[in-house]
Every structure is written in C-alpha cells, then in structure tokens.
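Novice: mind folding the following:
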Amino acid sequence: MSEENVLQLELEKLDIASLKRIAQLWNLSKLGKDKKAIVKNIISGMQDDFYLKGVLEKLSATQVTIYTSILKSKSTILTLGEISRKISMPPVNTEMELGVLKRYFLVYQRKNRERLTNNLDKYYFYPESGTNVRLEVNDKGQKFRLNLAKILQGQEKIPPEWKKALGGRASSNGQFTADVAHAATEPETLTKLIENLTDIEQGVVLECFLQGGLLEINRAREFVQASKGKWEETLRRLNALGLLLDEYYIDEKFVRVLVLPAEVFQHLQDYPILEKKKATKRRQEKRATNDLDFYLNLKKMIVYISRKGLNLAKSGKIKQIDLKETENRLLRPDIGLFIEKSQIYQIELLLPAMRLLDIVRVKRDDVVLRNDYDSILEMDIFKLMDLVIKEIEGARNRRVRYEDVFEPMYVPFFQKATFDECVNLIQKRGKVMYFVIMAAMIREKLLMAKGFRIKNFQQALQELRKEITSALFFLQLLGLISVEYPDRWVEMSELGLHYLKGKSLDREDEKGGVIINPDLSVIAIPEQVSVRGIAQLKSFAEVKSFDNVYTFQITRESFQEGLLLKASSGDFIELLRKTNRGELSQNLLFSIEDWSRSLPLITITDECVVVQTQDPNHMELLLGQISGKKIVSQKISPTTILIDADKIYETIGYAEKLNLIVKLVR
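Specialist: Next up is the predicted model:
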C-alpha cells in the first residue's frame, strides 16, 4: 500500500453515514451526493488550511504534544511505547488520546503483527493534512508584528478589491511587486479598501483592533454569528486581503488567532473605524469640558451636608431621595465618555474624594463633616484642584478600607502610572478617539510584553481595560480633557494643559463676555470668560442651560449659597464689571448689597457638651484654666458654656484642680 493513497483507502472503507460524521468534525459543508464525491471533497477539505486550522484548535495540549511528535519524526516511525514515554503517560491513556487523533483522521495506526503487546503498534500522520501543519511558536511575539507588505508580496495575484483601491498603481502583470505592496500600505489605499468592506467585516476588524490587534478565533466566530454573518466567507475574505490574518502557533495547544498586520493597526489609530449611525442631529454634536466643576461641586457638597444633613439607609447606602436632591442641587459635569458610567450620581463620586480629604465620616447612620472643613471652603479653587488630584493619585496605596459609602464602587480611583500614560498618549496625538488610546495601551502593555501568554489574555485584558477606563473617566471628570460627541474624540483641555504641563490658561475675562438682563438672567460666552470666571459665576448664579453659551440666573438663594461657599462677593462684582457689555444696573447692585447684609443663618451644633455651674464665679475660675486651649466652643451665659465632646476628661481634670465637684451626666 503506497503512502499516497492511505487516506483515500481508509475513507473508502467507510459508509456514507460515517463519512458525513467525519465531514462534520472538519466542519465541511459541501460534500456531494455519491460516496466517491464525498470522499474526494473530504480529502480536499483536509488539505485546505482553513478547515485544518479548525481541527487543530480543538486538540488538547496532550494531543498536540503527541501529534507534533509524530510530525517531527518524519524519518523515524514512532511506536505507542515511544510516544507514551515522550509524554510520560501510561500506554492505555496514550492510546485513548491517539484515538481522538485517529477519529479526526490526522494519524493512522499499523498494528504489530505478533500482538504480544500493542506498545509496538506504529503510528503515522496522514500527509494530506500533516505536511501543511506549521510547527511554529510565538516566543518573541513575532506573530503580532506581521508585515503587510511582505504578506501581500507572497500572494500569487492581486485580489480585485486591492486593484480597486490601488487604482492605476496596480501592476500590469497582476502581481504584488515591492512597489505595489508599498503603495498598498499607504493611508489613502488602506482607507479605500476598509471603506469597501461590509459592516460585519469592518466590525470584526474593529473588534480585533480594540484588543490591541489580536482576536481569539472563538470570540471572532461568536461576533460574526451574532451579527448574522457567514463565518467562513468573512474570515477567508479578510485573510485573503491581508487585513486580518488567520494565524496559529503552538503554546501548549494550537493557538488560533486573528492578527492585524502592524501597518493596519497603525492606520486604524490614525483613521479609526467609526460605528455607522443614523444621521446625527445637530444638538447631539457637542464639545464638553468640565473645567472646575468637580472641585466646585465638592464645596457645594460640604454646604449641602451642613445645611441638610445626610442620613444613610440602614444598609449603609445613600438614600434615593438624597441621590436625586443632590443631583438637582449640584453642577452636572459631563461623564458621558463611557456610556455605561454616565448614570453615576455626583454624590457617589464626591463622597470618596471628601473622605480622602478627611472632612467627612460616618456617625451612627449619618454622614457628618469633620475636622477643618471650613478651610476647604476658603481654599482657592486651583489649590483645591491640586490637593484633590494628589489625594486621588495616592488613594490606591492606602491600606485602610473606608465604609462603602466612601469607596469608589462604580469607578475605582486611577493608578498613577496608567493615568500618566493616558496623558502622554493624548498629548502626543493631539486629538484622538478614546478607544484608540485603549487599543494602543493594550497592544503595548499586553501583546508586546515579554512572556505574553494567550491563556492569560482575557483576564489581563479585563484588568487593564478597567484601569484605563478609570484613568480616562477621572481625566474627564476632573476637567483635564475635553470630549467631542457623538464619536467621543478626546484631547487635553485648557485646564489639563495648565495643570499637567504648566501651560498658561488661554481664556481671559473680556469685555462683552457676559450679558446681564434686567431680570438678572446672565448669558456668558465661555471663550470670553476665564476658567476662574466661569467658576465664580457658577458659585453665585444658578446654571439654567449650556448650549455653546451659558445661561445663568442670579437669585437670592443662588447668591447666598455663593456666600456659604466662602466665595468673595467683591470678586464676583468685579468680574461682572469687567465682562459685562455695559455698566452694572442699580437693581443688581442693590440686590447684591441687600442679600449680603442679612444672611439668615442659624447654627445647629451636634457634637458639643454643655457645662454648667451654679455660681458664675466658679465658671470664671474654670474659664481661666481652659480658655485658649481649644476646649470651649461657645459661651452661652455666665454659668453655661459649650465644650468639644472630645475634651470632657480634660475639662474634668481642670475642674478637679480647682476643687470643683464634677457631676457627669450621660
């Protein structure tokens, strides 16, 4: 029996039902009607690289070791015993693994005639499939650095799609010469080729790009099938065009992946594939920059807690009523860069930052202010910005876990290294799609990392995406980047360049930047008002709307909240004088003077202790000892004072020194 026809002879021994089962194992669909045609098509399919890869990817690590051992021993015939010793497995178990390879018709067996032991049975590979198997590895990540020009030059002729994209630059002999292959990698050519792909084909290419230029075959198959596309047709076409290469290598198993050539990955960074949407309404196109909103919100949150209190539910979470009320009272910075994060309430982002500043804590079922929170209100907003960002940068290093209400449950605080890498990428590229940043970092930090293993890829990918998402989310929230919708292009904001790169702020307060109407509604043009000026307006006036210009309303309530925020009313008036087109109206000046004069403030102190004496002289003696020691909160009457709750025992000590008799009521 000659080696060339072993496969055909073995197949011809089977009935049609058995042949169809083999075809099913190989995912062969076109078989024919009679047995002869079926055998012929099965043999043809086994020689097809696409179907061969489909079988190889199903093999277990042990089966791969056995099969590759047989393939490597072209001049030496391996027996069952020899294979068993190679894989350190008992012959009976080895024979079971070989049985799988036989069912796939990858190997065949020649039994020992004497049959004293089956350890001497010989195993061969079928040359129809075996000679096409590449025993390649990917120890240096070479499979992820494939060159498009070299791949195209290896093709016999130029596909019609490439001819159309190349136009007159396609060679007359219909082959990819070095010059033609180089022309194929130019941006204009690649753009034309990618634009002519179907939506599903573009979707697969984009999915691969989003993972850094690598896509596991099963994920690609699921994507195409979910999109109701034809899997084989889609993959064959993309592979033939060289846009998405169907590659495999050995890493314990046969690892089959789709890979973007380096030039294609680079091209998609510069000319990203955008999701095809219906015509975008004008109002959906906007540019969002948060400026100093988050830091002003932090001050507003201090005022809210001091005015309204913040009582938690029994579960320790924020009550729904407080979530909604604070959302209505606070500014609304844009957090729509990641759609799934855009529904987070501002209070859920502010409380963790306030806990880092150590100005809030949980007392029983309440979130209460603590320490010198007034200093945060009085702090210059740019100094507060610097303090908040530095506290968040170091937050991942803390070892103490706070109560859940103070933990960033929905978006973890960013890692400093990832944050800096995102900043550098954005600054380097100027204006870039948010997912291009993610793809570039995934490629650099995962695929090109030394010791990359495909089996750890999805877990590492998920963790890295989470870190990049946190960094980009906080870059937007903290006002350091601006975002253009609906496609979500990002670039460094004026504030971001100022804070991170030391560039001076471009916007200044200009005459005509603000228009004040008789009803005290205010229109502010962002390009003509400084970042600080906009923050001052937001402190003293209620934001009504923003659509290229701000619309504010100055009211008694909004102005008095500005005073509670410790913002300077003098600076606010000076800003209005400098930017208003005309003179400030007497109505405005009178209203501001009136609202500033009588702030209807009532103070309710929670944590304090009443100290009383029967004789005013005894109180004077006690005050002589404890005054100036930050014990007394307030003197109520000649015989009554309020002291700090933490100073009870210190006060008892001073009273005993004066021979006063202490009566402690608790």
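Novice: contact partners of stretch 36-55?
Specialist: Stretch 36-55 has contacts (Cβ atoms under 8 Å, 6 or more residues apart in numbering) with 7-8, 11-12, 16, 19-20, 22-23, 25-28, 30-32, 104-106, 126, 128-129, 132-133, 232, 235-236, 246, 248, 254, 256. In short, each C-beta sits where N, CA and C put it, glycine included.
Novice: out of these, which sit inside strands?
Specialist: Asp246, Tyr248, Phe254, Arg256 (DSSP state E).
Novice: who's in contact with the first one?
Specialist: With contacts defined as Cβ under 8 Å, 6+ apart, the neighbours of Asp246 are Asp49, Phe50, Lys53, Ile217, Leu235, Asn239, Arg256, Leu258.
Novice: rebuild the residues you listed as JSON lines, extending it with neighbour count.
Specialist: Formatted as JSON lines, the contacts of Asp246 follow (neighbours: other Cβ atoms under 10 Å):
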{"residue": "Asp49", "neighbour count": "15"}
{"residue": "Phe50", "neighbour count": "13"}
{"residue": "Lys53", "neighbour count": "18"}
{"residue": "Ile217", "neighbour count": "18"}
{"residue": "Leu235", "neighbour count": "22"}
{"residue": "Asn239", "neighbour count": "17"}
{"residue": "Arg256", "neighbour count": "19"}
{"residue": "Leu258", "neighbour count": "25"}
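Novice: and the residues you listed, which is closest to Tyr485?
Specialist: Proximity of these to Tyr485 (Cβ to Cβ) peaks at Leu258, which lies at 30.7 Å.
Novice: does the closest one touch Thr234 like I think?
Specialist: No: with contact defined as Cβ atoms under 8 Å, Leu258 does not reach Thr234; the gap is 10.6 Å.
Novice: identify the contacts common to these two.
Specialist: Here Leu258 and Thr234 have Val204 as joint contacts, going by Cβ under 8 Å, 6+ apart.
Novice: and the contacts of stretch 36-55, which are buried?
Specialist: For the contacts of stretch 36-55, a burial check counting by 16 or more other Cβ atoms under 10 Å picks out 7, 11, 19, 22-23, 26, 28, 31, 104-106, 126, 128-129, 133, 235, 246, 248, 254, 256.
Novice: next one: the most centrally placed residue in the chain from Ser375, what distance?
Specialist: Geometric centre of the chain, nearest residue: Thr469, 2.3 Å, by Cα atoms, centre = their mean. Distance from Thr469 to Ser375, counting by Cβ to Cβ, to the nearest Å: 33 Å.
Novice: and for Leu575?
Specialist: Distance, Leu575 to Ser375, using Cβ to Cβ: 24 Å.
Novice: these two: which has the busier surroundings?
Specialist: The neighbour comparison of Leu575 against Ser375 (other Cβ atoms under 10 Å) goes to Leu575, with 22 against 12.
Novice: list the contacts of the helix or strand the more buried one falls within.
Specialist: With elements taken from DSSP states H and E, the one containing Leu575 is helix 569-579. Applying Cβ under 8 Å, 6+ apart, the contact partners of helix 569-579 are 509-514, 516, 524, 528-529, 533, 536-537, 539-540, 559, 562-563, 584, 588-589, 592, 596.
Novice: which residues of this structure score low on pLDDT?
Specialist: 1-4, 74-76, 113-116, 276-283, 598, 602-604, 606, 666 (pLDDT under 70).
Novice: so which elements touch the lengthiest helix in the chain?
Specialist: Determined from DSSP state H, the single longest helix within the chain is helix 457-477. Using 3 or more Cβ pairs under 8 Å, 6 or more residues apart in numbering; DSSP states H and E as the contact test, the elements touching helix 457-477 are strand 214-216, helix 416-429, helix 434-442, strand 481-485, strand 489-492.
Novice: can you add distance to Arg110 and mean neighbour count and give these back as JSON lines?
Specialist: JSON lines is the format used below for those (distance: least, Cβ to Cβ, whole Å; neighbours: other Cβ atoms under 10 Å):
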{"stretch": "strand 214-216", "distance to Arg110": "37", "mean neighbour count": "21"}
{"stretch": "helix 416-429", "distance to Arg110": "58", "mean neighbour count": "17"}
{"stretch": "helix 434-442", "distance to Arg110": "49", "mean neighbour count": "21"}
{"stretch": "strand 481-485", "distance to Arg110": "68", "mean neighbour count": "20"}
{"stretch": "strand 489-492", "distance to Arg110": "65", "mean neighbour count": "20"}
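Novice: Ile636: what secondary structure?
Specialist: What DSSP: H, G, I helix; E, B strand; the rest coil gives for Ile636 is strand.
Novice: how about it: what's its closest non-neighbour residue?
Specialist: Counting by Cβ to Cβ, 6 or more residues apart in numbering, Leu642 is the residue found nearest to Ile636 once chain neighbours are left out, at 6.5 Å.
Novice: burial count for the one you found?
Specialist: Should you count by other Cβ under 10 Å, Leu642 turns out to have 15 residues around it.
Novice: do Pro90 as well
Specialist: Quick note: Pro90 (other Cβ under 10 Å) scores 9 neighbours.
Novice: give me phi/psi at it?
Specialist: Note on Pro90: its backbone torsions stand at phi -60, psi 150 [degrees, to the nearest 10].
Novice: and it, how far from Ser84?
Specialist: 7 Å.
Novice: over to Val632?
Specialist: 89 Å.
Novice: check Met46 too.
Specialist: Counting by Cβ to Cβ, the separation of Met46 from Ser84 is 27 Å.
Novice: grab the nearest non-local neighbour of Leu101.
Specialist: That would be Val107: by Cβ to Cβ, 6+ apart, it lies 4.6 Å from Leu101.
Novice: quick one: contacts for Lys286?
Specialist: Here Lys286 is in contact with Glu484, Tyr485, Asp547 (criterion: Cβ under 8 Å, 6+ apart).
Novice: would you list every one of the helices in the stretch 301-450 of the chain?
Specialist: Applying DSSP state H, counting those that start in this stretch to the stretch 301-450 of the chain gives helices spanning 320-329, 346-356, 373-378, 381-393, 416-429, 434-442.
Novice: possible to save these as a markdown table with distance to Leu148?
Specialist: Converted to a markdown table, those look like this (distance: least, Cβ to Cβ, whole Å):
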| stretch | distance to Leu148 |
| --- | --- |
| helix 320-329 | 50 |
| helix 346-356 | 44 |
| helix 373-378 | 56 |
| helix 381-393 | 40 |
| helix 416-429 | 22 |
| helix 434-442 | 17 |
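Novice: out of the ones you listed, which gets nearest to Tyr410?
Specialist: helix 346-356 (6.5 Å).
Novice: tell me what angle that closest one forms with helix 320-329.
Specialist: For helix 346-356 against helix 320-329, the angle by axes from the mean of the first three to the mean of the last three Cα atoms, to 10 degrees is 90 degrees.
Novice: can you give me how far helix 346-356 is from the chain middle?
Specialist: The chain centre lies 20 Å from the centre of helix 346-356; the measure is Cα atoms, centre = their mean, to the nearest Å.
Novice: mind listing what's buried in it?
Specialist: Result for helix 346-356 [16+ other Cβ under 10 Å]: buried residues Gln346, Ile347, Glu348, Leu349, Leu350, Leu351, Pro352, Ala353, Met354, Arg355, Leu356.
Novice: could you do stretch 384-400 as well?
Specialist: By neighbour count on 16+ other Cβ under 10 Å, the buried set for stretch 384-400 is Leu384, Met385, Leu387, Val388, Ile389, Glu391, Ile392, Glu393, Ala395.
Novice: can you check stretch 120-136 too?
Specialist: Neighbour count says stretch 120-136 has Leu120, Asp121, Tyr123, Tyr124, Phe125, Tyr126, Glu128, Ser129, Gly130, Val133 buried, by 16+ other Cβ under 10 Å.
Novice: next, the distance between the ends of that stretch.
Specialist: Taking Cα to Cα, to the nearest Å, stretch 120-136 runs 30 Å from one end to the other.
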